[in-house]
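# Here you go, sequence then predicted model.
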Amino acid sequence: MDIKLERILKNVQKPARYTGGEFKQIVKEKNAVEIRVAFCFPDTYEIGMSNLGLRVLYGVINNIDGVWCERLFAPWPDMEKEMRENSIKLYGLESHDPVCDFDIVAFSIGYELSYTNVLNMLDLAGIPLRSADRLQGAPLVIAGGACCFNPEPLSDFIDLFVIGEGEEVIREIIDIYRTAKSSGANKSQFLNAASSICGVYMPGLYDTVYNEDGTIKEIRPLEDAPFPVKKRFVQNLDESFFPVETIVPSTEVVHDRAVLELFRGCSRGCRFCQAGFVSRPVRSRSCEILIKQGIESLKASGYDELALLSLSSSDYKDIFRLCRGLLDWCQPRNIGLSLPSLRADNFSMELMESVQRVRKAGLTFAPEAGSQRLRDVINKNVTENEFLDTCRIAFEGGWNSVKLYFMLGLPTESDEDVTAIADLSHKVLNIWKQYAKNKSRGVRITVSTSCFVPKPHTPFQWEAQVSMGEFSRRVELLRSAFRTKAITHNWHSPDQSYIEAALARGDRRLGGVIESAWRLGAKLDSWSDFFSLDKWLAAFEQNGLDADFYALRERDMDEVLPWSLISTCLKAGFLSTERQASLVGSKSPDCGQI
């Protein structure tokens with residue numbers, strides 16, 4: 001370890017975030033490596049090391065001969081201060097070498113409020129922020145993840161975007177990069193060659209023309225650039241890489257457990273859910289392979305918990321057989337199973353008793369809306385009777401704790417819909433009073449509300465977000481409707497959601513806003529302790545733009561949207577048809593069994 005790094009680590013919180021050396025990390029011989037990749041997660045170590053996508057791509061890239069992938073994360077402010085004062089550049093955890101010496105710097109971006117972290121990490125690495133300023137010999141900067149389904153706000157800073165799932169695309173990018181490097185091709189030649197890869201978006205190959213009112217008139221592809229750019233997805237998950245041997249963090253992380261990905265995609269069609277639409281079609285792993293992967297992951301890591309993950313994991317068609325197969329191995333070893341994503345309409349005591357046979361945790365459900373009318377608007381196909389019956393089953397089975405998640409500000413929401421959240425919560429309490437197995441333990445009902453954020457590639461992409469003041473009014477209305485201390489109400493900050501909405505639906509003019517916000521000190525914006533609305537509003541003003549234009553404005557159905565150059569491979573007109581159905585409260589059926 002570098003002597004300067006060793007000296008400063010004693011001055012920071014959680015130094016294990018920055019040392020590397022974890023069990024199962026991959027270290028390669030530098031002289032045998034042709035290409036070095038820095039996999040950057042623009043948030044803290046605890047968040048990043050809980051991300052399955054990072055672990056998958058870390059394994060995929062390191063399985064390529066002659067390529068070494070290392071990890072790096074956004075430092076906490078105390079570590080950043082020490083690094084800047086001691087002239088220590090951002091470095092890879094495995095080698096401690098400066099990232100500016102790597103060939104490819106790859107960001108995984110899953111949340112809009114991490115955009116300033118991307119810039120901060122580039123600056124800490126000594127890499128010019130803007131793609132146009134990175135000359136021949138500078139690292140190639142690429143990005144993937146959920147936010148890249150609208151890549152425009154970051155288009156000034158990223159050389160190329162991966163749209164969709166990255167396991168196959170990253171191999172193809174590296175192959176072309178290897179050829180370009182060995183032949184002495186320049187950056188422009190490499191980018192032109194890489195633009196032919198399905199799932200790759202090159203911002204420099206497109207121009208945006210604006211109307212006088214600030215809306216987009218036209219997005220023009222240059223030369224033979226593809227239009228639209230189609231997302232990539234892995235067709236056969238049974239044949240895709242899964243990291244059964246993965247890094248075991250040496251310090252506590254948010255989700256400190258082994259994980260098992262059951263399937264990708266979601267057939268439910270909740271109209272607010274970007275992940276559900278952009279990850280289609282639904283693709284499952286076979287039960288036999290999942291049992292094998294789960295057991296191998298536990299053997300390799302030593303964890304005492306295995307989480308079964310997907311967007312709606314209880315929808316997995318072989319869930320009972322999967323749980324039985326895993327528990328035959330897990331239960332004698334006191335290893336627990338958890339199923340974080342539950343739906344109220346397919347909950348059963350048999351399932352919960354099997355999953356939580358080793359240890360019992362609290363239950364979490366997301367009704368999203370309090371009234372049946374609004375649940376129909378958002379296509380949350382769960383009735384009040386189904387939900388309350390689920391709570392009855394849980395309370396009869398001995399559960400005394402339940403968390404309920406709702407959104408405020410959904411399209412067409414009225415005050416009656418807001419107070420219906422409290423009504424439904426009180427009905428849950430009454431169900432506990434009637435059916436709880438052990439009333440002496442009391443009950444904990446936690447209601448959490450967040451502000452609806454309209455996201456690209458959803459039926460609600462045209463909708464306006466409610467203002468911060470209106471959200472706060474609805475929070476107060478809901479708070480006043482709770483009549484018991486048995487129900488705890490938490491709510492998310494509307495100012496963070498406001499900026500999230502502006503960035504989520506932004507065009508490439510927001511690059512200047514993001515850079516201005518960062519230069520004003522914005523970073524770690526997803527952490528409420530560091531987020532500053534004033535800095536973001538000042539950044540918008542400096543660039544002559546209005547955040548209301550992006551967050552609070554309803555779009556015309558024929559408006560050219562910034563993300564219209566990205567195709568998620570849904571049928572033409574599908575999202576607009578779903579939006580029209582929402583306006584009349586018409587439900588759409590589940591699109592198929594998983």
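Arrived safely.

# Not counting whichever strand or helix holds V447 itself, show me its contacts.
Per DSSP states H and E: V447 is located in strand 444-451. The contact list for strand 444-451 (CB atoms under 8 Å, 6 or more residues apart in numbering) reads 362, 400-409, 421, 425, 428-429, 432, 465-466, 471, 475, 478, 482, 486-492, 494, 497-498. C-beta: built from backbone N, CA, C; applies to glycine.

# ditto for stretch 276-287
By CB under 8 Å, 6+ apart, stretch 276-287 touches 146, 149, 164, 231, 233-238, 261-270, 293, 311, 316-318, 321-322, 325, 457-458, 568-570, 575, 591-592, 594.

# ChimeraX command for the buried members of those?
A single ChimeraX command is used to select the members of those judged buried by 16 or more other CB atoms under 10 Å:
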select :146,149,164,231,233,234,237,261,262,263,264,265,266,267,268,269,270,293,311,316,318,322,325,457,458,568,575,594
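
# So which of the contacts of stretch 276-287 sit within helices?
Q293, R321, L322, G325, L575 (DSSP state H).

# The fourth one reaches I291, doesn't it?
Pointing back at G325 there. Yes - when contacts are counted by CB atoms under 8 Å, G325 is listed as touching I291 (4.0 Å).

# Work out the gap between the longest helix anywhere in the chain and the centre of the chain.
For the chain, the helix with the greatest residue count under DSSP H is helix 415-435. Distance, stretch centre to chain centre, for helix 415-435: 30 Å (CA atoms, centre = their mean, to the nearest Å).

# From L237, how far out is I173?
21 Å (CB to CB, to the nearest Å).

# cool, L351 as well?
To L237, L351 is 22 Å away according to CB to CB.

# and if you look at P226?
In terms of CB to CB, P226 sits 26 Å off from L237.

# C148 - nearest residue in space that isn't next to it in sequence?
The spatially closest residue to C148, leaving aside those adjacent along the chain, is F161, at 4.7 Å (CB to CB, 6 or more residues apart in numbering).

# try G302
That would be V248: by CB to CB, 6+ apart, it lies 6.9 Å from G302.

# Run a quick neighbour tally on the one you found.
Neighbourhood size, V248 [other CB atoms under 10 Å]: 17.

# one step back: just checking, the residue nearest to C148 is part of a helix?
No - secondary structure of F161 (DSSP: H, G, I helix; E, B strand; the rest coil): strand, not part of a helix.

# Counting neighbours, what do you get for it?
Neighbours of F161 using other CB under 10 Å come to 25.

# so it touches G144, yeah?
Yes - here F161 lies in contact with G144, judged by CB under 8 Å, at a distance of 6.8 Å.

# overlap in contacts of those two?
Joint contacts of F161 and G144 (CB under 8 Å, 6+ apart) do not exist.

# tell me which element L327 is part of?
With DSSP H and E as the test, L327 turns up in helix 319-330.

# so for that helix, what's the average pLDDT?
Average pLDDT, helix 319-330: 92.

# Quick one: distance of it to the chain centre.
That offset, for helix 319-330, works out to 28 Å (CA atoms, centre = their mean).

# Just checking: what are the partner strands of the helix or strand just after it?
Note on helix 319-330: by DSSP H and E, the next helix or strand toward the C-terminus is strand 336-338. Strand 336-338 has its sheet partners listed here by DSSP bridges as strand 305-309 (parallel).

# residues making contact with the partner strand?
Applying CB under 8 Å, 6+ apart, the set of residues contacting strand 305-309 is 52, 255, 257-262, 294, 297-298, 316, 319, 322-323, 326, 330, 335-341, 355.

# which of those residues count as buried?
52, 255, 257-262, 294, 297-298, 316, 319, 322-323, 326, 330, 335-339, 341, 355.

# Report pLDDT for S348.
For S348, the predicted pLDDT is 70.

# Would you check that it makes contact with I393?
Yes - using CB under 8 Å, S348 is in contact with I393, at 7.1 Å.

# More neighbours: these two, which one.
Neighbour count, other CB under 10 Å: between S348 and I393, I393 has more, with 18 against 14.

# The strand or helix carrying that one: how far from the chain's middle?
Here I393 sits within helix 384-396, counting by DSSP H and E. What separates the centre of helix 384-396 from the centre of its chain is 30 Å, taken as CA atoms, centre = their mean.

# which secondary structure elements does it contact?
Applying 3 or more CB pairs under 8 Å, 6 or more residues apart in numbering; DSSP states H and E, one finds that helix 384-396 contacts helix 349-355, strand 363-368, helix 415-435.

# Need the residue closest to the centroid of the protein.
Nearest to the mean C-alpha position of the chain, by CA atoms, centre = their mean, lies G110 at 3.8 Å.

# dump the residue contacts of it.
N51, G53, G145, A146, C147.

# Tell me the backbone dihedrals of the spatially closest residue to A106 that is not a sequence neighbour, please.
Of all residues beyond its chain neighbours, the one nearest A106 is I142 (5.0 Å), with distances taken as CB to CB, 6+ apart. When read as degrees, to the nearest 10, the backbone of I142 gives phi -120, psi 170.

# Next: V105.
Dihedral angles (degrees, to the nearest 10) for V105: phi -110, psi 110.

# Isn't it up against A38?
Yes - contact criterion CB under 8 Å: V105 and A38 qualify, at 4.8 Å.

# can I assume E94 is in contact with G20?
Yes - at 5.5 Å, E94 and G20 qualify as touching, with contact defined as CB under 8 Å.

# what touches both of the two?
What both E94 and G20 touch, as defined by CB under 8 Å, 6+ apart, is the set R71.

# about what we covered before: common neighbours of V105 and A38, please.
With contacts taken as CB under 8 Å, 6+ apart, the residues that reach both V105 and A38 are V99, P139.

# Between those two, which is the more surrounded one?
A38 (30 against 27).

# which SS class is that one?
Reduced to three states by three-state DSSP, A38 is strand.

# cool, and R178?
Once three-state DSSP is applied, R178 turns out helix.

# contacting residues around it?
Contacts of R178 by CB under 8 Å, 6+ apart are E34, I35, G66.

# What are the buried residues along stretch 172-188?
Buried, per 16+ other CB under 10 Å, within stretch 172-188: E172, I173, I174, I176, Y177, R178, A180, A185, K187.

# CA atoms of it as PDB?
Below are the C-alpha coordinates for stretch 172-188, written out as PDB (Å, rounded to 0.1, in the frame of the first residue of the first chain):
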ATOM      1  CA  GLU A 172     -18.000  -6.800 -27.700                       C
ATOM      2  CA  ILE A 173     -16.800  -3.300 -26.700                       C
ATOM      3  CA  ILE A 174     -13.600  -4.800 -25.200                       C
ATOM      4  CA  ASP A 175     -13.000  -6.900 -28.400                       C
ATOM      5  CA  ILE A 176     -13.200  -3.800 -30.600                       C
ATOM      6  CA  TYR A 177     -11.100  -1.800 -28.100                       C
ATOM      7  CA  ARG A 178      -8.400  -4.500 -28.100                       C
ATOM      8  CA  THR A 179      -8.300  -4.400 -31.900                       C
ATOM      9  CA  ALA A 180      -8.100  -0.600 -31.900                       C
ATOM     10  CA  LYS A 181      -5.400  -0.500 -29.300                       C
ATOM     11  CA  SER A 182      -3.200  -3.100 -31.100                       C
ATOM     12  CA  SER A 183      -3.600  -1.400 -34.500                       C
ATOM     13  CA  GLY A 184      -3.000   2.100 -33.200                       C
ATOM     14  CA  ALA A 185      -6.400   3.400 -34.100                       C
ATOM     15  CA  ASN A 186      -7.400   6.700 -32.600                       C
ATOM     16  CA  LYS A 187     -10.400   7.400 -30.300                       C
ATOM     17  CA  SER A 188     -12.700   8.600 -33.100                       C
END
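
# Against E212, how distant is E218?
14 Å.

# Looking at the two, which has the bigger crowd around it?
Using other CB under 10 Å as the criterion, E218 and E212 rank with E218 on top: 10 against 6.

# residues making contact with the helix or strand harbouring the more buried one?
In this assignment (DSSP H and E), E218 forms part of strand 216-221. Contact partners of strand 216-221, identified using CB under 8 Å, 6+ apart, comprise 205-211, 227, 507, 559-562, 564-565.
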